[in-house]
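Q: need a structure here:
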Amino acid sequence: MTRRSTRKLASAEPRLPRRWALGGALVGGLVGLVLCAPARWLAQGLAQSSGEHLLLADASGSVWNGSGVLVLQGGPGSRDAASLPGRLSWSVGLDGWQPVLRLRQDCCINDTLSLRVQPGWGRLRLDLPAQDQWLARVPAAWLGGLGTPWNTLQLSGSLRLSARQLSLQYQGGQWQQQGQLDFELVNIGSRVSTLAPLGSYKLSLVGDAQKPGLTRIELQTLDGALQLQGQGRVGEGQRLQFQGEASAATGRETALNNLLNIIGRRQGARSVITIG
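A: Numbering: from 1, shown residues only. Next comes the predicted model:
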């Protein structure tokens, strides 16, 4: 071996440990960044994916274990906002090899809400294990944060959430749903009507198995003086289309006349509700 080659080997040997040390430091830094990712990153992701309708205010902790205040608002630049009492707390753990997101909030979540998480490149999937009980219950007044017409109606009563075989996937800036998500509005009242309660209603969001990305909307009256019904869908681009109607039960026409004028376009005894 020549002296030149010997010198090359000698000069290369000290560089290898330095490169390994630098690589280890970079990997360690990335792992540390992921493990300590601040909760505000999660808040930013929730705001973006919900079109700034659902916010996580005063977020603290990390992406993996933290808490914040859930706020509902009318969208970007909206002056209307309403928050749930107390704080929503979350933690991410493992069930076997499956990541699980656990949510708790004393005011509103039934025990602990557990969602199985399937992350992927540019996508995120959340699966809800089968449950027989309702998942969450929030004051109907919370909907006032969405702005018109909810802030005018100022609802009382409660909004109860349940699901069947529910799976949500976020990809390409859009949410896709499989299974069914039900919102029950229980003993609803409004400041624009002297009649209380107005009734109880069920709004169902049903993922279309034949057309991925399409969610059907079904509204029905469970009981009450105010009769509501309608159908719609959320399709590509998250565009909402809904056609429904409201009417008064026999003998309640006078008491509900003002409310029917507000919630839709009057056509005789009916009030037509059109969105999109």
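Q: Near the residue lying closest to residue 252 once chain neighbours are set aside, how many other residues are there?
A: Leaving aside its chain neighbours, residue 252 sits nearest to residue 225 (4.1 Å; criterion: Cβ to Cβ, 6 or more residues apart in numbering). All C-beta spots, glycine's among them, are computed from the backbone N, C-alpha and C. By the measure other Cβ atoms under 10 Å, the count of residues near residue 225 is 21.
Q: which ones are touching residue 225?
A: Contact analysis of residue 225 by Cβ atoms under 8 Å, 6 or more residues apart in numbering lists 195, 198, 199, 248, 249, 252, 255, 256.
Q: Return the distance of it relative to residue 256.
A: Going from residue 225 to residue 256 by Cβ to Cβ, to the nearest Å gives 6 Å.
Q: Find the residues that touch each one of these two.
A: Residues touching both residue 225 and residue 256 (Cβ under 8 Å, 6+ apart) are 195, 198, 248.
Q: Between the residues you listed, identify the one with the most neighbours.
A: residue 198 (28 neighbours).
Q: can you tell me which residues contact it?
A: Shown in contact with residue 198 (Cβ under 8 Å, 6+ apart): 188, 189, 190, 224, 225, 226, 256, 259.
Q: Tell me what residue 68 is bridged to.
A: Residue 68 has these beta-bridge partners by DSSP bridges: residue 88.
Q: Look at it and say how many residues are nearby.
A: Residue 68 is flanked by 21 other residues according to other Cβ under 10 Å.
Q: I'd say it and residue 54 touch.
A: No: when contacts are counted by Cβ atoms under 8 Å, residue 68 is not listed as touching residue 54 (11.2 Å).
Q: just curious, which of the shared contacts of residue 225 and residue 256 is nearest to residue 124?
A: Among the shared contacts of residue 225 and residue 256, residue 198 lies closest to residue 124 (Cβ to Cβ), at 37.9 Å.
Q: burial count for the residue lying closest to that closest one once chain neighbours are set aside?
A: Ranked by Cβ to Cβ, 6+ apart and with sequence neighbours excluded, the top spatial neighbour of residue 198 is residue 226, at 4.2 Å. Look at residue 226: counted by other Cβ under 10 Å, it has 24 neighbours.
Q: Check residue 183 too.
A: Residue 183 has 15 neighbours, counted by other Cβ under 10 Å.
Q: could you measure it against residue 139, distance?
A: 13 Å.
Q: Give me the common contacts of the two.
A: Residues touching both residue 183 and residue 139 by Cβ under 8 Å, 6+ apart: residue 159.
Q: Dig out what residue 60 forms beta bridges with.
A: For residue 60, the beta-bridge partners are residue 67 (DSSP bridges).
Q: which residues touch it?
A: Contacts of residue 60 (Cβ under 8 Å, 6+ apart): 39, 66, 67, 68.
Q: Report the separation between it and residue 88.
A: Using Cβ to Cβ, residue 60 is found at 11 Å from residue 88.
Q: before we move on, what about residue 96?
A: 26 Å.
Q: higher neighbour count, those two?
A: Per other Cβ under 10 Å, whichever of residue 96 and residue 88 has more neighbours is residue 88, with 20 against 6.
Q: I'd assumed residue 226 was in contact with residue 200.
A: No: contact criterion Cβ under 8 Å: residue 200 and residue 226 do not qualify, at 10.0 Å.
Q: per-residue confidence at residue 176?
A: Looking at residue 176, its pLDDT stands at 87.
Q: Give me the three-state assignment for it.
A: Following DSSP: H, G, I helix; E, B strand; the rest coil, residue 176 is assigned to strand.
Q: cool, residue 43 as well?
A: Three-state call for residue 43 (three-state DSSP): helix.
Q: And the helices in this protein?
A: Using DSSP state H, the helices of the chain run over 3-12, 15-35, 39-49, 150-153, 253-263.
Q: and the fourth one, what does it pack onto?
A: Read that as helix 150-153. helix 253-263 (3 or more Cβ pairs under 8 Å, 6 or more residues apart in numbering; DSSP states H and E).
Q: Perfect, I'm done here.
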